[in-house]
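Asker: 3D model of this:
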Amino acid sequence: MKLFQTGLLFCSRALLAVVFLGSTQAQVTEEQCLQKFSTAKEDFVLNVNESVKEGAVFLSSTPVKNKKDCIVSCCKAPNCNLALMENGEDGGVKSCFTFNCLYKQNQACKFVRKNGYSNSVLTSVLERYLKDYYPNEDLPPIANAGQDQVVQPQETVYLTGIGSRDDHGVKDYLWKMVSGNPYAVIEKTTFKDEVMVSNLSAGTYKFQLTVTDTGGQSNTAQVTVLVLTPEQSEDQCLMPKKMGPCRGAFPRWFYNGASEKCEEFTFGGCKENKNNYLSEAECNKACHGVSASEPSKSGRLGPIGGPGETCGRTCEAGEFTCGNGCCIDKALECDQERQCSDGSDEESCGDLESKFRSLLVIPVNANKVHCTEEPMTGRCTDTITSWYYNPFEEKCLRFNYGGCEGNDNKFETEDSCMKSCQNVDKSDVFARRANFEKQAQTSNLGLIVVAVLLGLAIFIVVAFLGFCILKKKKKPQNYQLATSGAHSMGHTDRLVYNSTTKPI
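Answerer: Below is the predicted model of the structure:
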């Protein structure tokens with residue numbers, strides 16, 4: 001009996017130790033999570049409509065009591081980098097929403113001033129919202145390697161660093177491949193920030209861009225190019241279009257394997273699958289040549305569905321964990337068909353839609369969104385003089401627009417700019433001034449270069465015309481001297497003069 005009691009006591013202590021250890025590990029994980037997030041400006045709310053149009057993803061809405069719990073819920077959600085909170089009474093949280101603000105590395109979230117809301121952002125991803133402005137400091141450049149790309153084998157890819165910026169201008173751009181098939185060929189184009197990559201076989205490639213400013217400071221950024229295998233092409237191109245459980249209205253593109261072309265559809269705003277693209281060009285680049293009429297390596301024909309649930313293992317990233325512990329493809333969650341045998345993949349979809357709808361109906365001033373966006377040249381290389389509104393100076397300034405992409409803080413005239421953005425000031429800006437000023441100065445750099453070159457060209461033309469006028473004035477004088485007889489020509493003078501003036 002005593003031996004039994006001793007054993008029972010030992011087991012109890014062991015169990016308590018395990019529980020304590022698990023609690024300590026959870027606490028450490030929670031603390032590590034909180035350290036990765038930073039508090040952004042108070043009284044700003046996400047403009048959900050504009051953000052989802054740019055590719056931001058609504059992930060979840062979890063009932064919580066305080067801000068810390070909301071941030072922790074973001075840590076638990078894959079790809080979450082924004083915890084948006086509607087403030088409650090006594091420092092509590094009335095509602096908690098989590099988002100992924102990155103679309104293939106491009107920052108898609110847009111914010112507008114609204115009392116009663118607060119945001120915590122993943123510092124490493126959205127640090128541009130946190131930087132302070134020091135006007136007399138030469139800040140290092142910010143490298144921008146562009147959006148991640150998805151292509152088919154042997155497609156040519158162009159990588160551009162035109163989105164990089166610096167307060168005094170970027171001097172050098174250097175591209176290199178850091179991982180992937182070494183047989184890929186990298187060649188420079190006529191643009192100093194751009195390279196062309198060819199001979200790409202299936203696999204994942206990472207390229208690094210290093211930019212250096214005029215002061216010798218540098219910064220790096222990476223971009224991923226996914227060259228699809230036949231199996232990956234099924235997920236990216238042959239999954240059926242999916243509107244999702246939310247009932248917004250966002251134009252998107254999907255690849256129709258039957259017609260073998262990209263087609264537009266209306267996306268609801270949440271729980272998309274991989275066959276979902278912001279533009280027709282992006283869709284074509286990923287799925288060009290993929291056919292649903294030919295069997296793939298998996299043996300399937302036509303648009304594919306899920307493989308059903310699998311049990312007895314730990315679910316991986318990209319999978320949904322059913323209530324019974326089994327796993328299904330995450331793209332099958334909320335597709336209006338039960339894939340989990342317990343139906344858990346369709347349980348929370350209605351609640352998700354109502355939470356998303358509540359965000360869409362928050363009244364915001366659209367002009368304050370557009371007029372506080374950082375001026376963007378876009379990725380094209382035209383030179384179009386446009387106007388943008390600077391809310392810190394409360395006036396419209398010229399900048400050089402490249403001809404594509406960009407944003408809505410772009411106007412044809414100064415008058416239309418001022419009329420649209422009146423009463424917008426620095427209090428309406430979510431991003432810190434440092435990033436806004438740096439982007440604005442970079443956007444104006446092209447305009448300054450054009451102005452300098454134009455001035456130089458005018459100077460050369462004026463100098464040439466002046467030279468021609470002086471030369472013309474001197475010609476009659478030389479002619480009179482040659483024929484007046486005041487100058488006695490020698491033998492050589494006569495030969496040269498006679499040979500060049502002999503009538504035909």
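
Asker: Partner strands of whatever helix or strand R398 lives in, with direction?
Answerer: Assigned by DSSP states H and E, R398 falls within strand 395-401. In the sheet, strand 395-401 lines up against strand 384-390 (antiparallel) (DSSP bridges).

Asker: Pull the residues that contact the partner strand.
Answerer: 371-372, 375, 395-403, 409-414, 416-418, 420-421, 424, 436, 440, 443, 447 (Cβ atoms under 8 Å, 6 or more residues apart in numbering). Just so you know, the C-beta spots here come from the backbone N, C-alpha and C atoms, and that holds for glycine as well.

Asker: out of the residues you listed, which are inside strands?
Answerer: Cross-referencing these against strands under DSSP state E gives K395, C396, L397, R398, F399, N400, Y401.

Asker: Just the buried ones among those residues, please.
Answerer: Listed as buried from these are C396, L397, R398, F399, N400, Y401; burial here means 16 or more other Cβ atoms under 10 Å.

Asker: Can you spell out the domain ranges of the chain, please?
Answerer: As recorded under automatic domain parsing, the domains making up the chain are 40-131, 149-227, 230-360, 461-501.

Asker: can you give me phi and psi for F265?
Answerer: When read as degrees, to the nearest 10, the backbone of F265 gives phi -150, psi 170.

Asker: Helix, strand, or coil at the residue nearest to it when sequence neighbours are not counted?
Answerer: Leaving aside its chain neighbours, F265 sits nearest to K241 (4.9 Å; criterion: Cβ to Cβ, 6 or more residues apart in numbering). For K241, the assignment made with DSSP: H, G, I helix; E, B strand; the rest coil gives coil.

Asker: Can you point out the buried residues in stretch 314-325?
Answerer: Within stretch 314-325, the residues scored as buried using 16+ other Cβ under 10 Å are E319, F320, T321, C322.

Asker: now those residues as TSV including pLDDT and distance to S201?
Answerer: TSV is the format used below for those (pLDDT from 0 to 100; distance: Cβ to Cβ, whole Å):
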residue	pLDDT	distance to S201
E319	89	27
F320	91	31
T321	92	34
C322	94	36
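
Asker: ok, of those, which one's closest to A56?
Answerer: F320 (20.8 Å; Cβ to Cβ).

Asker: strands paired with the strand or helix carrying the closest one, and their directions?
Answerer: Assessed by DSSP H and E, F320 sits inside strand 319-321. Applying DSSP bridges to the sheet, strand 319-321 is found paired with strand 327-329 (antiparallel).

Asker: pLDDT wise, what is the spatially most central residue of the chain at?
Answerer: Against the mean C-alpha coordinate of the chain, by Cα atoms, centre = their mean, the closest residue is N106 at 1.4 Å. At N106, the pLDDT value in this model is 86.

Asker: which residues touch it?
Answerer: Contacts of N106 were listed using Cβ under 8 Å, 6+ apart, and they are E54, G55, Q147.

Asker: Can you flag which of those belong to helices?
Answerer: Counting by DSSP state H, the contacts of N106 place none of their members in helices.

Asker: ok, now which ones touch F356?
Answerer: So F356 contacts V48, F58, S61, C246, R247, G248, G269, C270 (Cβ under 8 Å, 6+ apart).

Asker: picking up where we left off before, for the residue nearest to the centre of the chain, grab phi and psi.
Answerer: phi -80, psi 130.

Asker: mind checking pLDDT for the closest residue to S95 other than its chain neighbours?
Answerer: In space, and not counting its chain neighbours, S95 is closest to E86: 4.1 Å by Cβ to Cβ, 6+ apart. pLDDT for E86: 96.

Asker: Does E86 touch K114 like I think?
Answerer: No - with contact defined as Cβ atoms under 8 Å, E86 does not count as touching K114 (9.6 Å).

Asker: Any idea how many residues pack against V178?
Answerer: Burial of V178 is recorded as 10 neighbouring residues (other Cβ atoms under 10 Å).

Asker: do the one 4 residues further on as well
Answerer: Residues near P182, counting by other Cβ under 10 Å, number 6.

Asker: Am I right that it falls within a strand?
Answerer: No - P182: not assigned to a strand; according to three-state DSSP it is coil.

Asker: what secondary structure does S38 sit in?
Answerer: Applying three-state DSSP: S38 is strand.

Asker: hang on, isn't it packed against N119?
Answerer: No - counting by Cβ under 8 Å, S38 does not reach N119; the two are 9.6 Å apart.

Asker: how far away is the closest residue to T189 other than its chain neighbours from T212?
Answerer: Using Cβ to Cβ, 6+ apart and skipping the chain neighbours, the partner closest in space to T189 is M196 (5.6 Å). With distances taken as Cβ to Cβ, to the nearest Å, M196 is found 21 Å from T212.

Asker: With neighbour numbers in mind, choose between the two.
Answerer: Neighbours per residue (other Cβ under 10 Å) separate M196 from T212, with T212 holding more: 18 against 13.

Asker: Can you show me the helices along the chain?
Answerer: In the chain, the helices defined using DSSP H lie at 2-35, 48-53, 67-76, 123-126, 230-233, 280-287, 349-360, 366-370, 414-420, 433-483, 491-501.

Asker: tell me, which of those is the model least confident about?
Answerer: Taking the mean pLDDT of the helices of the chain, helix 491-501 comes last: a mean of 38.

Asker: circling back to that earlier point, could I get the buried residues of stretch 314-325 as a markdown table with distance to D235?
Answerer: Below are the buried residues of stretch 314-325 laid out as a markdown table (distance: Cβ to Cβ, whole Å):
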| residue | distance to D235 |
| --- | --- |
| E319 | 13 |
| F320 | 15 |
| T321 | 19 |
| C322 | 20 |
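
Asker: picking up where we left off before, most neighbours out of the contacts of F356, which is it?
Answerer: Of those, with other Cβ under 10 Å as the count, G269 tops at 28 neighbours.
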